[in-house]
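# okay, predicted coordinates and the sequence, questions at the end:
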Amino acid sequence: MSKTLFDKVWDTHVVRKIEGGPDVLFIDRHLIHEVTSPVAFLGLKSRGIKVLYPKRTFATADHNTPTINQHLPVQDPLSANQLKALESNSNEYGISYWGLGHQKNGIVHVVGPEYGITQPGATIVCGDSHTSTHGAFGAIAFGIGTSEVEMVLATQCIMQEKPKKMRININGQLGKGVTPKDVALFIISQLSTSGATGYFVEYAGEVFENMTMEGRMTVCNLSIEMGARGGMIAPDEKTINYVQGREFSPKGEAWDKALAYYKSLKTDSDAVFDIEYSYDGATIEPMITYGTNPGMGMGISHSIPNADDVEGGAASYAKSLNYMGFHEGESMMGKQVDYVFIGSCTNGRIEDFRAFTSIVKGKKKADHVTAWLVPGSHIVEAQIKEEGLLDILNEAGFTLRQPGCSACLAMNDDKIPAGKYAVSTSNRNFEGRQGPGSRTMLASPLVAAAAAITGVVTDPRTLI
Ligand SMILES: CC(C)[C@H](C(=O)O)[C@@H](O)C(=O)O
Ligand code: SF4
């Protein structure tokens, strides 16, 4: 029978089928961080259970970590406790632990691919919704809850209902200044934040084929923001070149075997999806969000829609615009910007910093803008320095912080103050997401750079 990419990976990992119930899936790699793992370990301890395959689990500290002075002790007691718990649990159970200050430390979804933990055709889970990022490699990767983290630690398996299958096809060429982030925000604006609920998405077509691995990660990362269980892209030469030779990638004979598997990971031409959507890449503009969920996005040259033209209740639409201090029919161009944040597992990779730098080069940061530039990992941080980007950024009035989730969810000190406007390359613009009362406009690194230079929302195409 014809199979989709998703079917092929799923079926390879089913250890047991429960009649009328979920499948039991083997999990190849399990990523953990300080927020969602402590309670899972407590559960193991209370039941006297060991971690079945500690070498398949990898721990990094990212959500609560400061992005300056990482050599100093963490002040906030809750964060300090969670970080301590991650360290002691990892040590106790023989799990690789990349804590604060460790050379491999960084955002879980950035370091996973960098060290080859992420593999094509693998099953990857983490107690974190943006685990969908790893689908960029043709893996089935999804976020799980804390009780499931405990289940995976104990059994290396998880019980899952097989989701429905969606394919999103985008062909054509992207225009100038249109990045993978814009593609993702465009899709979410079309489907809404619940449009893919219950589905696992495959992204297909020229636009995704032409993307770099970093770009594919950005797209898959945002799958969860339209409600999907995850998103994936078939591995190709680019994927294989990226993966080969990384620390935790297979080597020697194991690599040859893996390669044969990777090459089989394509949707059969006559395979059927439960639903398909198709768009023309040439119609996508640089995007920006104007509301309080990632589906409230539009092409930067458009006007904020009228309540009548959007799905969902008028009352919640009005509440959202009111929170943002925006009005129906307005242009976003020229809107005040107080903060610019580039970073997160969505856009904290080297390519994002290259894009940001390409715009700010030879210009100066607007005086009133506070800019937080936060690399996703130490590798990204080192690349920024090695490639000379840091010099250009410093010259333009920017400084670089240390890796971590930072203002993406503001669990550390990087909080946008109440009422202030941030153009952010992260993934969520919920009320208070970047700090109590903060107002977030999600956008690409190019839009963020244009805002940082001009101090207002600006179409980056005018600066390229
Ligand atoms: C803290 C964690 C559970 C959460 C998630 O699952 O996504 C966080 O990473 C986020 O982005 O909101
Ligand atoms: S960078 Fe943001 S979205 Fe990604 S894992 Fe951290 S908090 Fe979650």
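Yes, it's here. Numbers count the residues shown, from 1 in each chain. Ligands and ions are numbered 1, 2, ... in the order given.
# spatially nearest residue to residue 191 (excluding sequence neighbours)?
Spatial nearest neighbour of residue 191, chain neighbours left out: residue 226 (4.8 Å); criterion: Cβ to Cβ, 6 or more residues apart in numbering. Placement of C-beta: from N, CA and C, glycine included.
# and that neighbour, what is it in contact with?
187-188, 191-196, 294-295 (Cβ atoms under 8 Å, 6 or more residues apart in numbering).
# adding secondary structure, write the residues you listed out as CSV.
Shown next, in CSV, are the contacts of residue 226 (DSSP: H, G, I helix; E, B strand; the rest coil):
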residue, secondary structure
187, helix
188, helix
191, helix
192, coil
193, coil
194, coil
195, coil
196, coil
294, coil
295, coil
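# which ones are touching residue 160?
Each residue near residue 160 by Cβ under 8 Å, 6+ apart is listed here: 22-23, 25.
# before we move on, what about residue 279?
Listed by Cβ under 8 Å, 6+ apart, the contact set of residue 279 reads 168-170, 186-187, 190.
# how about it, phi and psi?
With angles defined as degrees, to the nearest 10, residue 279 sits at phi -140, psi 160.
# can you tell me how far it sits from residue 347?
With the distance defined as Cβ to Cβ, to the nearest Å, residue 279 ends up 21 Å from residue 347.
# one more: residue 371?
From residue 371 to residue 347 the distance is 14 Å (Cβ to Cβ).
# swap in residue 98?
In this structure, residue 98 and residue 347 are 21 Å apart, going by Cβ to Cβ.
# mind checking which of those two has more residues around it?
residue 347 (31 against 22; other Cβ atoms under 10 Å).
# correct me, but the more buried one touches residue 442?
No - proximity of residue 347 to residue 442 does not meet the contact threshold set by Cβ atoms under 8 Å, at 9.7 Å.
# now do the shared contacts for the two.
By Cβ under 8 Å, 6+ apart, residue 347 and residue 442 have these common neighbours: 425-426.
# what is the neighbour count of the closest residue to ligand 2 within the stretch 101-250 of the chain?
The stretch 101-250 of the chain approaches ligand 2 most closely through residue 130 (4.4 Å), counting by Cβ to the nearest ligand atom. By other Cβ under 10 Å, 27 other residues sit near residue 130.
# and it, its phi and psi?
Residue torsions, per degrees, to the nearest 10, at residue 130 are phi -80, psi 20.
# cool, and residue 365?
Torsion angles, degrees, to the nearest 10, at residue 365: phi -60, psi 140.
# ok, the closest residue to it other than its chain neighbours to ligand 2 distance?
Nearest residue to residue 365 in three dimensions, chain neighbours excluded: residue 397, at 3.6 Å (Cβ to Cβ, 6+ apart). Distance, residue 397 to ligand 2, using Cβ to the nearest ligand atom, to the nearest Å: 25 Å.
# ok, residue 397 touching residue 369?
No - Residue 397 is not in contact with residue 369 according to Cβ under 8 Å; the separation is 9.1 Å.
# relative to residue 71, how far out is residue 435?
Distance, residue 435 to residue 71, using Cβ to Cβ: 25 Å.
# ok, now residue 163?
Distance, residue 163 to residue 71, by Cβ to Cβ: 44 Å.
# over to residue 421?
Distance, residue 421 to residue 71, by Cβ to Cβ: 32 Å.
# the two - which one has more neighbours?
Using other Cβ under 10 Å as the criterion, residue 421 and residue 71 rank with residue 421 on top: 23 against 8.
# helices of the stretch 251-400 of the chain, start to end?
Under the criterion DSSP state H, counting those that start in this stretch, helices of the stretch 251-400 of the chain are mapped to 252-263, 314-324, 344-347, 350-360, 378-386, 389-395.
# and the pLDDT at the residue in the stretch 301-450 of the chain that ligand 1 sits nearest to?
Closest residue of the stretch 301-450 of the chain to ligand 1, Cβ to the nearest ligand atom: residue 409 (4.9 Å). pLDDT, residue 409: 98.
# which residue packs closest to it, ignoring adjacent ones?
By the measure of Cβ to Cβ, 6+ apart, the closest residue to residue 409 outside its immediate chain neighbours is residue 433, 6.3 Å from it.
# what residues does the stretch 1-150 of the chain have near ligand 1?
Counting by Cβ under 6 Å from any ligand atom, the stretch 1-150 of the chain comes close to ligand 1 at 35-36, 63, 128-130, 143.
# okay, those in JSON lines with pLDDT, distance to residue 154 and secondary structure next?
Listed next are those as JSON lines, based on pLDDT from 0 to 100; distance: Cβ to Cβ, whole Å; DSSP: H, G, I helix; E, B strand; the rest coil:
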{"residue": "35", "pLDDT": "98", "distance to residue 154": "20", "secondary structure": "coil"}
{"residue": "36", "pLDDT": "97", "distance to residue 154": "15", "secondary structure": "coil"}
{"residue": "63", "pLDDT": "98", "distance to residue 154": "23", "secondary structure": "coil"}
{"residue": "128", "pLDDT": "98", "distance to residue 154": "19", "secondary structure": "coil"}
{"residue": "129", "pLDDT": "98", "distance to residue 154": "22", "secondary structure": "helix"}
{"residue": "130", "pLDDT": "98", "distance to residue 154": "24", "secondary structure": "helix"}
{"residue": "143", "pLDDT": "98", "distance to residue 154": "18", "secondary structure": "strand"}
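# around ligand 1, pick out the residues from the stretch 351-464 of the chain.
Residues of the stretch 351-464 of the chain lying near ligand 1 (Cβ under 6 Å from any ligand atom): residue 409.
# mind running it again at 8 Å?
Residues of the stretch 351-464 of the chain lying close to ligand 1 (Cβ under 8 Å from any ligand atom) are 405, 408-409, 411, 427-428, 433.
# got it, and the stretch 151-300 of the chain?
residue 224.
# can you give me the helices in the stretch 1-150 of the chain?
Using DSSP H, counting those that start in this stretch, helices in the stretch 1-150 of the chain cover 5-13, 38-47, 77-93, 108-114, 146-155.
# for the ones you listed, which one sits closest to residue 361?
Residue 361 lies closest to helix 108-114 among the helices of the stretch 1-150 of the chain, at 24.0 Å (Cβ to Cβ).
# what comes into contact with that closest one?
So helix 108-114 is contacted by 29, 31-33, 58, 60, 62, 98, 104-106, 117-118, 124, 126, 128, 130-131, 133-134, 136-137, 213, 217, 221, 242, 246, 345, 348-349, 376-377, 379-380, 403 (Cβ under 8 Å, 6+ apart).
# please apply the same query to stretch 98-105.
With Cβ under 8 Å, 6+ apart as the criterion, stretch 98-105 contacts 58-62, 65, 70-71, 74, 83, 86-87, 106, 111, 115, 377-378, 403.
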